[in-house]
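Novice: The sequence and its predicted three-dimensional model are supplied below.
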Amino acid sequence: MDDLQFRRSIYADPKSQDEALLAALQADPSKRQFAQELNHLDDKIAQALNIPVPEDLSDKLILRQTLASHQIQKRKKRFHLALAASVAITAGLLVNFTLFSSAHSNLGDYALAHVYHEQGHFSNDANTRVDLTSLNKKMAAFNGNFTNTIGKLIFADYCRFDGMKSLHLVFQGKTSPVTVFVVPKNDQISFSDTFSDSKLIGQSAAFDKANIIVVGDKNEPLSAWQKKLGNNISWSI
Amino acid sequence: MITKQVRYEALVKALHGDLYRYAYWLCHEKQVAEDLVQETFLRAWRALDSLKDEKAAKSWLITILRRENARRFERKRFDMGEFDEASITDNQSLSNEQNIENAWLREKIAQLPAEYSEPLVLQVLGGFSGEDIASILNLNKNTVMTRLFRARNQLKEALEAEPEKRGLYNG
């Protein structure tokens, strides 16, 4: 290692552990002396560079970070709250939609389903009779009134007709009970004049305040029923 | 969350001194140095997850700090072409000879061009090797060694040019 090379490397890094440099130091006492001088200078430089650090700096740094992350957390909390709120609203809407929307899109389908559901409850030969007064009490909810008794009324009560409060009447028919629904008008369900399936047939008639649906088996003269009902019900304003 | 907090606090405790000194030698102003360190650690906190190797923490922080310092100049051009000497001298009490010499040497270091003083600070203060400094400063190693050589050479010459006794002589 020549002198220039030695000077360059010892100046660049006095604490170098480079083997060639150490060998050169070993071989030449004057180089050792020079290296020592430079190391001394380096210690001074280190001392000079080692300026005092403000005592509270680390505390300040931690404080600032804590504040910053607190801000972030607050923002996160707000975000989570918003998320929870929108989930709740969505769930609410969904429940609302599934529970209270019409499962059947037209009047006839629902009427048939309703009749089949309650088929076992009524028998054509039942002796129970509902008189005109109690029928009209119930009919008053629909602003209607029966003027005369039509046929033999087995059963009359309110029921839920696809989520709507309606009147459910069961008359004695020729071979099986005839069911009459008085249903308030509703835009959600499409009106169907006549409907039928393999066993039952039905007819609907729209009045001012309500629809009247008659369902019976194929032997029933439904038009006659409708006519009778139409003639006997008077609607108040 | 807690472990991140613990990591961060450990990082601050272990390295804020070195970082502050480094910042000081970059900008020669205590207040600016403090701001730089604050900004650096705040960025470090946000990006703490990207720090995989704890051993690399120091050079990682220094890289952030250098970027932060450069940004300072992008934002605002300081009239710092020639810094005035008063602002770079250390104004702590000069009670003994060691302090006087330190203050004098600090002045000389501050007068070094930044391209010389920066590798020197990294080497002496940061304890980085030539390769490390080269990678932090984006230079090749030979350039770094040359700059280190010139930095020490200038300081040594300045030291030798200085008379043995300094200060005011009355009478």
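Specialist: Arrived safely. Numbers count the residues shown, from 1 in each chain, chains lettered A, B, ... in the order given.

Novice: give me the low-pLDDT residue ranges for chain A?
Specialist: A:100-105, A:162, A:186-190, A:237 (pLDDT under 70).

Novice: For it, which segments count as strands?
Specialist: A:144-146, A:153-161, A:164-171, A:178-184, A:194-196, A:200-206, A:210-217, A:233-235 (DSSP state E).

Novice: Dump these into CSV; add mean neighbour count and distance to chain B as well.
Specialist: Bear in mind the C-beta positions are built from the backbone N, C-alpha and C, glycine included. Listed next are these as CSV, based on neighbours: other C-beta atoms under 10 Å in any protein chain shown; distance: least, C-beta to the nearest C-beta, whole Å:
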stretch, mean neighbour count, distance to chain B
strand A:144-146, 17, 68
strand A:153-161, 16, 52
strand A:164-171, 20, 54
strand A:178-184, 22, 58
strand A:194-196, 15, 64
strand A:200-206, 19, 65
strand A:210-217, 23, 63
strand A:233-235, 14, 70
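
Novice: Now render those strands as a markdown table, adding distance to B:Asp49.
Specialist: Below are the strands of chain A laid out as a markdown table (distance: least, C-beta to C-beta, whole Å):
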| stretch | distance to B:Asp49 |
| --- | --- |
| strand A:144-146 | 73 |
| strand A:153-161 | 58 |
| strand A:164-171 | 58 |
| strand A:178-184 | 63 |
| strand A:194-196 | 66 |
| strand A:200-206 | 68 |
| strand A:210-217 | 66 |
| strand A:233-235 | 74 |
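
Novice: Point to the residue nearest the middle of chain A.
Specialist: By C-alpha atoms, centre = their mean, chain A has its centre lying nearest to A:Ala91, at 2.0 Å.

Novice: From chain B, how far off is it?
Specialist: 29 Å (C-beta to the nearest C-beta, to the nearest Å).

Novice: can you tell me the helix or strand for the closest residue in space to B:Tyr116 that isn't next to it in sequence?
Specialist: Nearest residue to B:Tyr116 in three dimensions, chain neighbours excluded: B:Ala151, at 3.9 Å (C-beta to C-beta, 6 or more residues apart in numbering or on different chains). Assigned by DSSP states H and E, B:Ala151 belongs to helix B:141-161.

Novice: residues in contact with that helix?
Specialist: Helix B:141-161 has contacts (C-beta atoms under 8 Å, 6 or more residues apart in numbering or on different chains) with A:8-9, A:11-14, A:38, A:41-42, A:45, B:105, B:108-109, B:112, B:115-117, B:119-120, B:123, B:130-131, B:133-134, B:137, B:139.

Novice: could you redo the last one with a cut-off of 6 Å?
Specialist: Defining contact as C-beta atoms under 6 Å, 6 or more residues apart in numbering or on different chains, one finds that helix B:141-161 is touched by A:8, A:11-12, A:41, B:108, B:112, B:116, B:119-120, B:130-131, B:133-134.

Novice: Likewise for stretch A:14-23?
Specialist: With C-beta under 6 Å, 6+ apart, stretch A:14-23 has contacts from A:1, A:9, A:38-39, A:42.

Novice: Now with 8 Å, please.
Specialist: A:1, A:6, A:9-10, A:35, A:38-39, A:41-42, B:152.

Novice: buried residues in that stretch?
Specialist: A:14, A:16, A:21 (16 or more other C-beta atoms under 10 Å in any protein chain shown).

Novice: re earlier: which parts of the helix holding B:Ala151 are buried?
Specialist: Buried residues in helix B:141-161 (16+ other C-beta under 10 Å): B:144-152, B:154-155, B:158.

Novice: Over to stretch B:33-45?
Specialist: Neighbour count says stretch B:33-45 has B:33-34, B:36-42, B:44-45 buried, by 16+ other C-beta under 10 Å.

Novice: restrict those to those near chain A?
Specialist: Restricting these to those within reach of chain A (C-beta under 8 Å from any C-beta of the partner chain) leaves B:34, B:37-38, B:41-42, B:45.

Novice: Show me just the buried residues among the contacts of helix B:141-161.
Specialist: Buried among the contacts of helix B:141-161 (16+ other C-beta under 10 Å): A:8, A:11-12, A:41, B:108, B:112, B:116, B:119-120, B:130, B:133-134.

Novice: with these in mind, which one is nearest to B:Leu51?
Specialist: B:Ile133 (19.9 Å; C-beta to C-beta).

Novice: For the closest one, give me its contacts.
Specialist: Applying C-beta under 8 Å, 6+ apart to B:Ile133 gives the contacts B:119, B:122-123, B:139, B:144.

Novice: give me that answer again for 10 Å
Specialist: B:59, B:62, B:118-123, B:126, B:139, B:141, B:143-145, B:147-148 (C-beta atoms under 10 Å, 6 or more residues apart in numbering or on different chains).

Novice: swap in A:Thr179?
Specialist: Contacts of A:Thr179 (C-beta under 10 Å, 6+ apart): A:111-112, A:114-115, A:118-119, A:122, A:154-155, A:168-171, A:173, A:200, A:202, A:213-216.

Novice: can you rerun that using 8 Å?
Specialist: Counted by C-beta under 8 Å, 6+ apart, A:Thr179 has contacts A:111, A:114-115, A:118, A:168-171, A:214-216.

Novice: What lies in contact with stretch A:124-135?
Specialist: The contact list for stretch A:124-135 (C-beta under 8 Å, 6+ apart) reads A:146, A:148-149, A:152-156, A:169, A:172-173, A:175-177.

Novice: what's the single longest helix in the chain?
Specialist: Defaulting to chain A. When secondary structure is assigned using DSSP state H, the longest helix within chain A turns out to be helix A:57-100.

Novice: Let me rephrase: I mean chain B.
Specialist: Longest helix in chain B, counting by DSSP H: helix B:2-27.

Novice: Now do that one, average pLDDT.
Specialist: Helix B:2-27 carries an average pLDDT of 86.

Novice: So which elements touch the helix or strand following that helix?
Specialist: Moving toward the C-terminus from helix B:2-27, the next helix or strand (DSSP H and E) is helix B:30-46. Other helices and strands packing on helix B:30-46, by 3 or more C-beta pairs under 8 Å, 6 or more residues apart in numbering or on different chains; DSSP states H and E, are helix A:57-100, helix B:2-27, helix B:57-75.
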